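Asks: Structure for this input, please:
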Amino acid sequence: MANDKERKKSRISYVQSIERAIDILEALSEEENSFQLKNLAKRVRLHKTTVYRILKTLMKRGYVENIDNSGVYKLGLQVLKLSSSLLENIEVRREAKPLLEELRDKTGETVHLGILEGNEIVYIEKIEGTRPLHMASSVGKRVPLYCTALGKAILAYLDEKELNPLLENIKLEPKTPNTIISIEKLKEELIKIRALGYSIDNIENEEGVRCVGAPIFDHTGKVAAAISISGAAFYIPIERIEKELGPLIKTAAFEISKRLGWKYTRESH
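Replies: Next up, the predicted model:
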């Protein structure tokens, strides 16, 4: 009986260790990028001895590095290997990348590809523009649905059963003076997006940055992702979106959707 209790306790401890290791990896993936042991222990709310023991294991497998043996820890290259493998197996990224590069070449602006995860957008590809402005975005970063061109492009093409629960769980916080913070106004915006075929982030998520986005559909006709063109508002006035960028991004999204097996019908768009 005692052995059974010990085995049960061991199984619980083993799962707890995995959870703790994941907590540490997630903490190291945050914007600070690196932590001293005491600060990392404080962040994950664990004793320094426990954190150090887990770090030693993660370091042995290449998931964590001790920077120049200084006692400052960061993610290791093995994490990049795993994430790269995941990205390479995402079909929409593979099919979209040549068209994203083409959009960048035609416009000079930064181009993104994002997917819906939970109530946020996750960037899965970024093609840096040729202009001097450096976008703060990066692959793997999460951004809001309600105030980004990627997010609004996806929201506009969700059915009511998917859309309403999402909107109920999103807190509409003002990121800039232009951010839409009313559900009613956001729904009106989604109707406009469906009429145009593209979305606009009119300096709603980041000061001085304007974006235009369009949805990508999979072989079942469901919205699977979105692409966007982003840049300084100075270079992307609304007139340029209407005359150039809107039509360009719609065409690119249409082509990516076709590559994913989507068949266009009037009812589906």
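
Asks: L113 looks like it's in a strand, true?
Replies: Yes: under DSSP: H, G, I helix; E, B strand; the rest coil, L113 falls within a strand.

Asks: and the closest residue in space to it that isn't next to it in sequence, what element?
Replies: The shortest distance from L113 to any non-neighbouring residue, by Cβ to Cβ, 6 or more residues apart in numbering, is to E125 (3.9 Å). (Each C-beta comes from the backbone N, C-alpha and C, glycine too.) Per DSSP states H and E, E125 falls inside strand 120-127.

Asks: mind saving the C-alpha coords of that strand as PDB?
Replies: This file holds the C-alpha atoms of strand 120-127, laid out as PDB (Å, rounded to 0.1, in the frame of the first residue of the first chain):
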ATOM      1  CA  GLU A 120      -5.700  37.000 -30.000                       C
ATOM      2  CA  ILE A 121      -3.800  37.100 -33.300                       C
ATOM      3  CA  VAL A 122      -0.400  35.300 -33.400                       C
ATOM      4  CA  TYR A 123       2.100  36.400 -36.100                       C
ATOM      5  CA  ILE A 124       3.400  33.300 -37.900                       C
ATOM      6  CA  GLU A 125       5.300  35.200 -40.600                       C
ATOM      7  CA  LYS A 126       6.800  38.700 -41.100                       C
ATOM      8  CA  ILE A 127       8.400  40.100 -44.200                       C
END
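
Asks: and the following helix or strand past that strand, what does it pack onto?
Replies: With elements assigned by DSSP H and E, the helix or strand that comes after strand 120-127 is strand 142-144. Where contact means 3 or more Cβ pairs under 8 Å, 6 or more residues apart in numbering; DSSP states H and E, strand 142-144 is packed against strand 120-127, helix 149-155.

Asks: Adding mean pLDDT, distance to M59 and mean neighbour count, write the ones you listed out as JSON lines.
Replies: Below are the helices and strands packed on strand 142-144 laid out as JSON lines (pLDDT from 0 to 100; distance: least, Cβ to Cβ, whole Å; neighbours: other Cβ atoms under 10 Å):
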{"stretch": "strand 120-127", "mean pLDDT": "91", "distance to M59": "27", "mean neighbour count": "20"}
{"stretch": "helix 149-155", "mean pLDDT": "97", "distance to M59": "36", "mean neighbour count": "29"}
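
Asks: Distance of the nearest residue in space to E117 that is not next to it in sequence relative to G108?
Replies: In this structure, E117 finds its nearest non-sequential neighbour in R142, 7.4 Å apart by Cβ to Cβ, 6+ apart. R142 is 26 Å from G108, where distance means Cβ to Cβ, to the nearest Å.
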